[in-house]
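1. what shape does this take:
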Amino acid sequence: MRLERSKEWWLARARQEGDAAVGAGLLAANPAVEQHGLEAQPAPAEETRIAFGRFVNLMRRRRGYSVEQLAEAACLEASELLVIEEDRHYVPQLRTVFELARTFEVPQQRLLQLAGLAVANDDGLRKEAVRFAARSESMQRLTSEESSALEAFVAVLSEQGPKRAR
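-> This is a model prediction of the structure:
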């Protein structure tokens, strides 16, 4: 028995899905990926890459990890972590972002968006990333303002649904 569906039927089904995204290829191959709002992005915005590097740096320091200790905890190479923290042009591998999200206990989808590996359905994340990057100055010890900025940004990353910027 062969089922055939019209184009209109498929379009109606797609409209029923709303903002949900369907993963395919590499993203669908990893069952740990959260399946909402992920699309490939060829060139991530520079400001989100800056925020991603600062986020990794501040979360590492907040937890009291050296680069080597974070590399061990996240099953990553220390050299890659150094590049993430220092080079705003570097785009990490999917696995790297998955491991960092697991280690830092933040949603994979949002961290993928911040790293430039997925398109954010919400412009608010990009704006918050810029605010976060602007407020976080690289220092030896987290200031109370950096800690507050980091906590606020973790809350934004942990939000379930996308918020639309007005």
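2. from the rest of the structure, what touches whichever helix or strand Val156 is part of?
-> Element membership for Val156 (DSSP states H and E) is helix 144-158. Here helix 144-158 makes contact (Cβ atoms under 8 Å, 6 or more residues apart in numbering) with 51, 55, 58-59, 62, 106-107, 110-111, 114, 124-125, 128-129, 131-132, 135-137, 139, 142. No exception for glycine: its C-beta is placed from N, CA and C like everyone else's.
3. again, only this time at 10 Å
-> Contacts to helix 144-158, defined as Cβ atoms under 10 Å, 6 or more residues apart in numbering, come from residues 51, 54-55, 58-59, 61-62, 101, 104-111, 113-114, 122, 124-125, 127-129, 131-139, 141-143, 163.
4. now the buried members of those.
-> Those of the contacts of helix 144-158 that meet the buried threshold are 51, 54-55, 58-59, 61, 101, 104, 106-111, 113-114, 122, 124-125, 128-129, 131-133, 135-136, by 16 or more other Cβ atoms under 10 Å.
5. rewinding a little: with just CA atoms, put the helix holding Val156 into PDB.
-> What follows is helix 144-158, C-alpha atoms only, in PDB (Å, rounded to 0.1, in the frame of the first residue of the first chain):
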ATOM      1  CA  SER A 144      29.800  41.100  41.900                       C
ATOM      2  CA  GLU A 145      28.600  42.800  38.700                       C
ATOM      3  CA  GLU A 146      30.100  40.000  36.500                       C
ATOM      4  CA  SER A 147      28.500  37.400  38.800                       C
ATOM      5  CA  SER A 148      25.100  39.200  38.500                       C
ATOM      6  CA  ALA A 149      25.500  39.500  34.700                       C
ATOM      7  CA  LEU A 150      26.400  35.800  34.500                       C
ATOM      8  CA  GLU A 151      23.500  34.700  36.600                       C
ATOM      9  CA  ALA A 152      21.100  36.800  34.500                       C
ATOM     10  CA  PHE A 153      22.500  35.400  31.300                       C
ATOM     11  CA  VAL A 154      22.200  31.800  32.500                       C
ATOM     12  CA  ALA A 155      18.600  32.600  33.300                       C
ATOM     13  CA  VAL A 156      18.100  33.800  29.700                       C
ATOM     14  CA  LEU A 157      19.800  30.700  28.300                       C
ATOM     15  CA  SER A 158      17.600  28.500  30.500                       C
END
